[in-house]
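In: Predicted model and sequence below, questions to follow.
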Amino acid sequence: MIKVSEITNPFSPAINIESGIEKAAVLFEKTGFSVLPVVQNGHFCGVIERETIAQFHRFSGQKVVDFFTKNTIFLSPNDPAEAAVDLLSANVLDVIPVVNDAGFLIGIVTADDIPISKIVDLVI
């Protein structure tokens, strides 16, 4: 069984919970993602959505903490990679945070992180 840890991109763009939404808007622009992981001291707190930032970006001075979603989908490094493929293929998310047992964000999984050869292995 292929694990999520084998397809995790450790170079995760994440935003600090105390950052301003202007900074989140810039990070969304750079990454093109629809969601970004939100962290505090490396601990995963949830996600913030591009759509939310687009709606409230005009409120300068607002912080990520005011707009992020706490209860969200994430994966463990020990989860089967098939779970990531299922979520990505269902267009549930384009970015899936990967969080270890201690609650730290250790990376993300996107469709670009899953080589075709691994997808074939997962669906056969």
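Out: Done, it's in.

In: hey, let's count contacts and neighbours off CA atoms from now on
Out: OK.

In: just for the chain, where's the confidence low?
Out: Along the chain, the model assigns pLDDT under 70 to residues 56-60, 92, 115-124.

In: Could you rerun that using 50?
Out: Per-residue confidence of the chain (counting by pLDDT under 50) places the weak regions at 122.

In: So which other helices or strands are in contact with the longest helix anywhere in the chain?
Out: Longest helix in the chain by number of residues, with DSSP state H as the criterion: helix 21-31. For helix 21-31, the elements it packs on are helix 50-56, judged by 3 or more Cα pairs under 8 Å, 6 or more residues apart in numbering; DSSP states H and E.

In: for the helix it packs on, the distance to its chain's centre please.
Out: Using Cα atoms, centre = their mean, to the nearest Å, we find the averaged C-alpha position of helix 50-56 to lie 16 Å away from the chain's own average C-alpha position.

In: Can you give me the buried ones in it?
Out: Applying a neighbour-count criterion of 16 or more other Cα atoms under 10 Å, the buried positions in helix 50-56 are 50, 53.

In: buried residues in the helix or strand hosting residue 39?
Out: With secondary structure defined by DSSP states H and E, residue 39 is part of strand 35-40. Along strand 35-40, the positions that meet the burial threshold by neighbour count (16+ other Cα under 10 Å) are 35-39.

In: try stretch 23-43
Out: Taking 16+ other Cα under 10 Å as the neighbour-count basis, stretch 23-43 is seen to contain the buried residues 24-25, 27-28, 33-39, 43.

In: what about it, start to end distance?
Out: Start-to-end span of stretch 23-43 (Cα to Cα, to the nearest Å) is 19 Å.
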